[in-house]
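In: For reference, the sequence and a predicted model appear below.
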Amino acid sequence: MKTLCRYFQLLSTACLVVSTTDLAADPFEAFLKTHCISCHGPDKKKGDLRIDQLSRNFRMGEDSHIWAEVIEKVNSGEMPPEDEPQPKQEEISDFVNILDFRLKDGRAARMASRPAISHYRLSRKEYQNTVYNLLGVRYDPAKPGELNEDTLWHGYERIGSQLSLSPSHVDRYYRAAGIVLDRAFPSTVPEARKVRKTAAELWYCGG
């Protein structure tokens, strides 16, 4: 039993050493430790920022906005400040590229994990208000023959899952759009009129 416990102790120690070694070998973490933690760490918290406590789980995106600011400040030369040891240009380039990649990779992972987005139509009341706000046209979609009646769900008519879009809805929306546009932009061309005149009237100009 003692031998087994000793084995697990040695294994845990080895894992800790490997983990620490990997962390130190990471140029991203090495840059932070050399040029950032002294001003934004446990000893000094400049600007109330603890870089050592920022999340490294970029796929969760908890501190992505702060990391984006870090990139800007490193690129602009604000970090590290002039009175601190300055990194080489290659170090800055490597750090920025790594951080930029991790931010973009995390954003892509978050977008990929989002559920599918369903597209819902406006309710009749929303359509009526939108038309008036955009074009100043009063249109009543509840009149017979206009837009289909909205499905009620427990007395509510603005539940997204109930506002589906059928071919019938599309057809009526097209017709409604035509009515609205005709009211918003009435034709200024006068309608053609038929005038009947006899030959005598034409010859004597009606005299």
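Out: Structure's in. What do you need?

In: isn't residue 168 right next to residue 149, touching?
Out: No: using Cβ atoms under 8 Å, residue 168 is not in contact with residue 149, being 11.3 Å away. Just so you know, the C-beta spots here come from the backbone N, C-alpha and C atoms, and that holds for glycine as well.

In: domain ranges for this structure?
Out: Recorded structural domains for the chain (assignment: automatic domain parsing) are 13-112, 124-184.

In: dump the residue contacts of the residue nearest to residue 50 when sequence neighbours are not counted.
Out: In space, and not counting its chain neighbours, residue 50 is closest to residue 40: 6.0 Å by Cβ to Cβ, 6 or more residues apart in numbering. Going by Cβ atoms under 8 Å, 6 or more residues apart in numbering, residue 40 touches 46, 47, 49, 50, 51, 52.

In: again, 7 Å this time
Out: Taking Cβ atoms under 7 Å, 6 or more residues apart in numbering, we find residue 40 in contact with 46, 49, 50, 51.

In: Dump these into CSV; add pLDDT, neighbour count and distance to residue 121 as well.
Out: Shown next, in CSV, are the contacts of residue 40 (pLDDT from 0 to 100; neighbours: other Cβ atoms under 10 Å; distance: Cβ to Cβ, whole Å):
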residue, pLDDT, neighbour count, distance to residue 121
46, 88, 14, 52
49, 91, 16, 46
50, 92, 14, 48
51, 93, 19, 47
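
In: With distance to residue 64 and secondary structure as added columns, please give the residues you listed in JSON lines.
Out: Below are the contacts of residue 40 laid out as JSON lines (distance: Cβ to Cβ, whole Å; DSSP: H, G, I helix; E, B strand; the rest coil):
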{"residue": "46", "distance to residue 64": "21", "secondary structure": "helix"}
{"residue": "49", "distance to residue 64": "15", "secondary structure": "coil"}
{"residue": "50", "distance to residue 64": "16", "secondary structure": "coil"}
{"residue": "51", "distance to residue 64": "14", "secondary structure": "helix"}
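
In: just to revisit the earlier point, export the domains of the chain as CSV, with columns for distance to residue 196.
Out: Below are the domains of the chain laid out as CSV (distance: least, Cβ to Cβ, whole Å):
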stretch, distance to residue 196
domain 13-112, 70
domain 124-184, 30
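
In: and the closest residue to residue 121 other than its chain neighbours, which of the three is it?
Out: Excluding the flanking residues, the one nearest residue 121 by Cβ to Cβ, 6+ apart is residue 165, at 4.7 Å. Secondary structure assignment for residue 165 (DSSP: H, G, I helix; E, B strand; the rest coil): coil.

In: With residue 86 instead?
Out: The assignment at residue 86 comes out as coil when based on three-state DSSP.

In: Near it, how many other residues are there?
Out: When neighbours are defined as other Cβ atoms under 10 Å, residue 86 has 13 of them.

In: residues touching it, list them.
Out: Per Cβ under 7 Å, 6+ apart, neighbours of residue 86: residue 80.
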